[in-house]
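S.K.: Fold the following and give me the result.
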Amino acid sequence: MEHIFGSILICLIMPIKGKKITLQSYLIALMGVSCLLSIYKTAFPVFVDLKDKDLLDLQKCPSCYGVNMCPAIITGEIRLVDWSQYTIGRFMNARNVYFGDFRNSPVVMKKLGHDWELEELDNAICIASNLSVGCEVNKAIRSLTKEVTDEIFVPDIGGGPSGHIDYKIQTEDIGNGSDFLHCSSSRKTQFIMDKILKKNHGQHQITIIENIITLMMINEEALIGQAFPYEEGFPFPKYYGACGRLVIEELVNRTIADFVYSAWESRAAVAYRLLGLAERMTNISSNFSLYWTDVTEHNLGLDEKNNPLILDAENIIIVDLEEVETVRAGDWDVPFTSEGVGCESCFSYNVDNLCYHAKTDHNIYALCHGLLSPGAFSHRYPQGLLYNIPEYVLQKFPELPSLLEECKWPKNDGGRFKAATELMKILEEFKDLLSNS
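M.R.: Numbering: from 1, shown residues only. Okay, here's the model as predicted:
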């Protein structure tokens, strides 16, 4: 900063040299103002530099999210748009979310945490590596990875002396972190690792594993985006990749909030799709269940083909159904009915009930009670998405209000599953009446 203060001093002195208001002194004053403006632009730039090291945190890699998108940032293929491009916007951007354009497609870029959360991540990595707070996390993550990762030699099928090394992360040794660490299972961890290593084929395996461990400790969104990719039909926005501690994803412009004041038929079409999504997530793929724990009108959206998407995957709990069957804890094979924990007017749940049951109605509970029915959790839309049911609909389907109530608070065993099935049958009639919001 010394050169900046020196330059400011020169700029301030220059106009004083003129004793009279002459053309010369006027020109000198102009030069002083121009000089100050030049220094201001240098010290306080108007536009955010996407290549800024403090934004990308590349110096912290491999304690970062990846580097595959760095060439696109360095060459300018990705550029910031709207308020995200202005420096002043960073003072109001506590969530560290930026909007941009990549090859003429809108993208959203996330640091996956507030500044204080990222600082806590660094501290956690240092402490877990038996180092003091403030250590060099790019070195600490290597130490932590060695501590929580087992190397397993896998011989060739022919039985010769050659083979390859497989790696297994012991998530129990990582400590606290993202929701991924709930319901731990070696098969779940291996599934995530295999999918991400395959996606990043050609990069050093240990470096990718260090990225994975970092994400496990801060935010699982990038793990889910790679393990359950949009390209394979999963309900998450397209994940492009990362550069340092910045991930790049497809920007989905339509959220459920955009439909709150649409015609009832259009809202019914949205509800039909969301109920289908809730059912699908309960056994999404490879014998895994995904349970959402943050259902809001802003966290759910529709893609260009009107398929429902989960826009924020930070709060997803992944349950390995094979692990549930292996452990067989208590009444593991009895479908579990979610009732909330200590709060009827807010979204609450017990993680263990999700971890140790082969089937729960949690996703339907979150959707019906949280978004669709009267008394929804949203403070802005407590009337629920399906408010003001038209008279002609009630005449044809008089059971609709009671089904919504049963889906919200079931009176019978398995009532929520049955209510959701019946609701979908009714709402299917309106599935093609979706407006553009």
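S.K.: Confirm for me that residue 386 is in contact with residue 404.
M.R.: Yes. Between residue 386 and residue 404 there is a contact at 6.4 Å, judged by Cβ atoms under 8 Å. Bear in mind the C-beta positions are built from the backbone N, C-alpha and C, glycine included.
S.K.: Looking at those two, which one has more neighbours?
M.R.: Ranked by neighbour count (other Cβ atoms under 10 Å), residue 386 and residue 404 place residue 386 first, with 23 against 20.
S.K.: For that one, pull up the helix or strand it's in.
M.R.: Using DSSP states H and E, residue 386 falls within no helix or strand.
S.K.: which SS state does residue 76 fall under?
M.R.: The three-state label given to residue 76 by DSSP: H, G, I helix; E, B strand; the rest coil is coil.
S.K.: mind checking pLDDT for it?
M.R.: The pLDDT attached to residue 76 in the predicted structure is 95.
S.K.: State the distance from it to residue 204.
M.R.: Look at residue 76 and residue 204: by Cβ to Cβ, to the nearest Å, they are 27 Å apart.
S.K.: Number of residues surrounding residue 77?
M.R.: If you count neighbours by other Cβ under 10 Å, residue 77 ends up with 13.
S.K.: now residue 400
M.R.: Counted with other Cβ under 10 Å, residue 400 comes out at 18.
S.K.: okay but it is in contact with residue 393, surely?
M.R.: Yes. The pair residue 400 / residue 393 is scored as a contact, 6.7 Å apart, by Cβ under 8 Å.
S.K.: Can I take it that residue 206 is in a helix?
M.R.: Yes. Membership of residue 206 in a helix is supported by three-state DSSP.
S.K.: count of residues packed around it?
M.R.: Residues lying near residue 206 (other Cβ under 10 Å) number 16.
S.K.: what's the weakest-modelled helix or strand in the protein?
M.R.: Least confident helix or strand, the chain: helix 2-13 with a mean of 45, by mean pLDDT, DSSP states H and E.
S.K.: ok, which stretches of the chain are strands?
M.R.: Secondary structure of the chain (DSSP state E): strands at 78-80, 97-102, 105-110, 149-155, 163-169, 239-242, 247-250, 254-255, 288-292, 300-302, 308-310, 316-320.
S.K.: So for the shortest one, mean pLDDT?
M.R.: Within the predicted structure, the mean pLDDT of strand 254-255 is 95.
S.K.: got the contact list for that strand?
M.R.: Residues from elsewhere that reach strand 254-255, judged by Cβ atoms under 8 Å, 6 or more residues apart in numbering: 297-302, 311, 437.
S.K.: re earlier: list the residues that are in contact with both of residue 386 and residue 404.
M.R.: Common neighbours of residue 386 and residue 404, using Cβ under 8 Å, 6+ apart, are 372-373.
S.K.: shaky segments in the stretch 151-300 of the chain?
M.R.: 153-156, 158-164 (pLDDT under 70).
S.K.: Let's see that with 90 instead.
M.R.: Applying pLDDT under 90 to the stretch 151-300 of the chain flags the ranges 151-168, 172-173, 175-176, 200-203, 283, 285-286, 294.
S.K.: all helices of it, in order?
M.R.: Ranges of helices within the stretch 151-300 of the chain are 186-199, 205-218, 221-227, 264-281, based on DSSP state H, counting those that start in this stretch.
S.K.: So for the shortest one, what gets flagged as buried?
M.R.: By neighbour count, with 16 or more other Cβ atoms under 10 Å as the criterion, the buried positions of helix 221-227 are 221-227.
S.K.: Tell me the buried residues within the contacts of strand 254-255.
M.R.: Here, 16+ other Cβ under 10 Å leaves 297, 299-302, 311, 437 buried among the contacts of strand 254-255.
S.K.: Tell me which two of these sit farthest apart.
M.R.: Farthest pair in those (Cβ to Cβ) is 299 and 437. Separation: 16.3 Å.
S.K.: picking up where we left off before, out of the contacts of strand 254-255, which is nearest to residue 240?
M.R.: Among those, residue 311 lies closest to residue 240 (Cβ to Cβ), at 15.0 Å.
S.K.: per-residue pLDDT, the closest one?
M.R.: 96.
S.K.: So what does it look like in phi/psi?
M.R.: Here is the backbone geometry of residue 311 (degrees, to the nearest 10): phi -90, psi -20.
S.K.: surely it meets residue 302?
M.R.: No. Using Cβ under 8 Å, residue 311 is not in contact with residue 302; the gap is 10.1 Å.
S.K.: Quick check: neighbours shared by these two?
M.R.: Listed as contacting both residue 311 and residue 302 by Cβ under 8 Å, 6+ apart are residue 252.
S.K.: count of neighbours near the nearest residue to residue 300 once chain neighbours are set aside?
M.R.: In this structure, residue 300 finds its nearest non-sequential neighbour in residue 256, 4.7 Å apart by Cβ to Cβ, 6 or more residues apart in numbering. Residue 256 has 26 neighbouring residues, counting by other Cβ under 10 Å.
S.K.: How about residue 393?
M.R.: 17.
S.K.: try residue 48
M.R.: If you count neighbours by other Cβ under 10 Å, residue 48 ends up with 19.
S.K.: what about it, distance to residue 87?
M.R.: Counting by Cβ to Cβ, the gap from residue 48 to residue 87 is 6 Å.
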